[in-house]
Every structure is written in C-alpha cells, then in structure tokens.
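mind folding the following:
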Amino acid sequence: MDPLQTGVIRAERRGDVVLLRLLGEHDSTSKTLLAGALAAHAREATGVVVSLMETEFIDSTTVDVLFRGDAEFRTRGKRLVLHVATESVVRRVLEITRLTADVPTTGSLEEALALAAGDED
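Now for the predicted structure:
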C-alpha cells in the first residue's frame, strides 16, 4: 500500500507525548482510524502532536475528528497540537475551517512536542 494513496497513521512515543504522523490522503475512509488513535492516546499520554507534514489531503471529516479530539483532550486537561507546514494546502484547509484558531499549530516539531507536554517556554 502506498501511503500517498490512502491514509496511514504512524504513532511514536516522545516521552509523555505521542506523535501521530498522518501520511497520504485522509478523508472519510480514515476517520475511524484517526478517531481511535486520538481516543486511545487521550487516555494514556500527556498530549498528542498530530503531524500533517506528510499529509497530501484532508477533508471535512478529518477536520471534524480533529475538532472532536481537541475537545476530548481539553476535557481531560491535556493538549492536542498540530504540526503542519506554513505554506501547505492542508494548512489552508485548517485555517479556512478555523481549527488553527482553537488548536495550537506550529511548523516546528520541537515546539509542537513542548506544547503538547505542557511546556510553555
């Protein structure tokens, strides 16, 4: 399976934070996988970084899952942070839907990990 054809999610631990890398295209066919990953890590991690640096496309179902995931993390006193390129098409979708107004978003992985861990410095 070519990850640029269908949505693939790779998870890795970075201390108390989980990094979820979304590869390829993410739409209604991968929403359950993303929702499940966010829910599982909301219970066990301090925070989660969703990296969209290798994401080619997202649709409204993916944005909805991220909105809901953020709400769940906030309820638990945890953080969801988005890692996305400044000039990407995916970033533009996030801005249009105003997700970037609610969820911390940065182009720096180090900054994203620090924010998700609760380090404000």
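
how near is Lys78 to Asp59?
26 Å (Cβ to Cβ, to the nearest Å). The C-beta positions use only the backbone N, C-alpha and C, and glycine is treated the same way.

quick one, which of these two is more surrounded?
It is Lys78, of Lys78 and Asp59, that has more neighbours when counted by other Cβ atoms under 10 Å, with 21 against 15.

do you know the pLDDT at the more buried one?
We note a pLDDT of 95 for Lys78 in this prediction.

which residues does it contact?
With contacts defined as Cβ atoms under 8 Å, 6 or more residues apart in numbering, Lys78 is in contact with 42, 45-48.

try it again at 7 Å.
Residues counted as contacts of Lys78 (Cβ atoms under 7 Å, 6 or more residues apart in numbering) are 42, 46-47.

try Glu25
Applying Cβ under 7 Å, 6+ apart, we find Glu25 in contact with 6-7, 56-57.

any idea how far it is from Glu54?
Plainly put, Glu25 is 11 Å away from Glu54 if you go by Cβ to Cβ.

thought His26 was touching Thr61?
No - using Cβ atoms under 7 Å as the test, His26 is too far from Thr61 to be in contact (8.3 Å).

check which helix or strand covers Gly36.
In the assignment (DSSP states H and E), Gly36 maps to helix 31-44.

run the chain-centre distance for that helix.
The chain centroid and the centroid of helix 31-44 are separated by 10 Å under Cα atoms, centre = their mean, to the nearest Å.

residues of it that come out buried?
Of the residues in helix 31-44, those scored as buried under the neighbour-count criterion (16 or more other Cβ atoms under 10 Å) are 31, 34-35, 37-38, 41-42.

who's the closest spatial neighbour of the residue nearest the centre of the chain, skipping the chain neighbours?
Centrality entry for the chain: nearest residue to the mean C-alpha point is Val50, 2.4 Å, by Cα atoms, centre = their mean. Nearest residue to Val50 in three dimensions, chain neighbours excluded: Leu20, at 5.0 Å (Cβ to Cβ, 6 or more residues apart in numbering).
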